[in-house]
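Chemist: Below are the sequence and a predicted model for it; my questions follow.
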Amino acid sequence: MNATTNVSKPSCWESFKQNTAPCKEWAIKITKIACAVLLAFASGWLVYTLLNPVGWSVLLVPMAALIVGQLACDYLGLRSEAAKPIAPPAPPVVLPPGAPRGMVNGTWTHCWMNALMQMIIATPATREALLASQTDGLKPFGDFIRGYERALKEGLSVVPQEYADSKALEAHFTKLIASSGIFAGRQNDLPEAWAAIHALLSDDFKRPMMQITQFVAPRSKNWPELVHRNHEEKIAPTCHLQVPLIPGKPFDKLMDAHFNVQEDMGHYLDMRNIRYYNQSAVLRFAEAPPLLWIELKRYNFIGGKTQKVSDDVVIPETYQLPLYRDPPAPYQIAACAIHKGATDNGGHYTAFVKGRDGKWYEVSDTNVRQVEQAEFEKARQQAYLIQYARV
């Protein structure tokens, strides 16, 4: 005699759990149908009110609403009897060992900070400097980088918040450069954030600049010839250049205009009763800094409003930095950040960095993808902040 196996009948709750997908699907369908019918009735009644018909024409309102509702259901594909199967979850993203890791945008407003930190971490010099710093202003950045390195070592594609707290780092930025307008809820200015870090970096990354001003005395009875006099002045060390973006000018012309100021007749020197008028000024680095950060000022503030200059600028792969006495120093592009949007109160920042495997990547918060050289060359025409490394 064969043994009989008793199979218990599943409970209502277990049956519900086994049929979760169809229930959810039908709940969505019913909601959409109700919305479509209500909108159809509202639109039909609005037409009736505007036309103000009389008599039997009032029946046209529900009829029109019913027809519009049916059409809306057909358009939305809600008349299918069978529940659609739920698509399987996407497989986890696996990045190469040398690729950069994504960063969480916890408040949806600090993509600027993620892009800046990607540029900093991608450069060994700044990365190691912030890791070694123990000053109150720079230590939080070192802690953030340590969390990033931990995620990279463990092979994670996105840096967890418990490893590197982006919200805490944004709060630190807020305290660090509150005078620059950085506050929660705004699309903050990435170059201003970098300027705050740059101010705290040691002079190992910066080099002094020399300003050579040429003064000219106009011709007179006592001085039939032009008299020239040069004045040299050392400026504070830096590696951050703020270059105005003039529409239509290529990159080399923009840099030339930054380093060579012409015909500023508003200043003069009075020496031995001779008034020397300021005709030109030349800026030169006394020595080549290890890194060169170039900010293309794409925003103009006119009448209390922000206007963005969206012109493309061809950013060269290499750049020759003019020096005070030595020959020009060669540099190669190391990273850049771009801003997608019309104003500084909206849009999105992304960074293009070279991974530790030597390949170029675009990093947009948690999304990381490899890009080819041609795509990077085209994308960096909209660069907002550019980093060059000394070759």
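Modeler: The structure has been received and is ready for your questions.
Chemist: can you pull out the strands in the stretch 251-391 of the chain?
Modeler: 260-262, 268-271, 274-285, 291-297, 299-302, 305-308, 318-321, 329-340, 348-354, 360-364, 367-371, 383-390 (DSSP state E, counting those that start in this stretch).
Chemist: export these to a markdown table and tack on mean neighbour count and mean pLDDT?
Modeler: Every C-beta, even on glycine, is put in place using the N, C-alpha and C of the backbone. Formatted as a markdown table, those follow (neighbours: other CB atoms under 10 Å; pLDDT from 0 to 100):
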| stretch | mean neighbour count | mean pLDDT |
| --- | --- | --- |
| strand 260-262 | 12 | 71 |
| strand 268-271 | 12 | 51 |
| strand 274-285 | 17 | 71 |
| strand 291-297 | 21 | 93 |
| strand 299-302 | 12 | 72 |
| strand 305-308 | 13 | 75 |
| strand 318-321 | 15 | 96 |
| strand 329-340 | 21 | 94 |
| strand 348-354 | 22 | 94 |
| strand 360-364 | 21 | 96 |
| strand 367-371 | 15 | 94 |
| strand 383-390 | 22 | 94 |
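Chemist: quick one: which of the ones you listed is nearest residue 93?
Modeler: strand 367-371 (7.8 Å; CB to CB).
Chemist: Of all the strands of the stretch 251-391 of the chain, which one is nearest residue 191?
Modeler: The nearest among the strands of the stretch 251-391 of the chain, by CB to CB, is strand 291-297 at 4.3 Å.
Chemist: That closest one pairs with which strands, and in what direction?
Modeler: In the sheet, strand 291-297 lines up against strand 240-244 (parallel), strand 383-390 (antiparallel) (DSSP bridges).
Chemist: quick check: angle from that strand to strand 329-340?
Modeler: If you take axes from the mean of the first three to the mean of the last three CA atoms, to 10 degrees, strand 291-297 sits at 40 degrees to strand 329-340.
Chemist: quick one: residue 131 from residue 354, how far?
Modeler: 19 Å (CB to CB, to the nearest Å).
Chemist: whoops, residue 316 was the one
Modeler: Taken as CB to CB, the span from residue 316 to residue 354 is 16 Å.
Chemist: for residue 198, same thing?
Modeler: Taking CB to CB, one finds residue 198 at 21 Å from residue 354.
Chemist: And the helices in the stretch 51-200 of the chain, which stretches?
Modeler: Along the stretch 51-200 of the chain, counting by DSSP state H, counting those that start in this stretch, helices occupy 60-76, 111-122, 124-132, 139-153, 166-176, 190-200.
Chemist: Just tell me which of those helices ends up closest to residue 333.
Modeler: helix 111-122 (11.3 Å).
Chemist: Please find the angle between the direction vectors of that closest one and strand 329-340.
Modeler: Going by the same axes, to 10 degrees, helix 111-122 makes 150 degrees with strand 329-340.
Chemist: quick check: mean pLDDT across helix 111-122?
Modeler: For helix 111-122, mean pLDDT is 93.
Chemist: got the contact list for that helix?
Modeler: 100, 103, 105, 126-127, 130, 141, 144-145, 148, 166, 169-170, 173, 187-190, 193-194, 197, 334-337, 348-351, 353-355, 363-365, 385, 387 (CB atoms under 8 Å, 6 or more residues apart in numbering).
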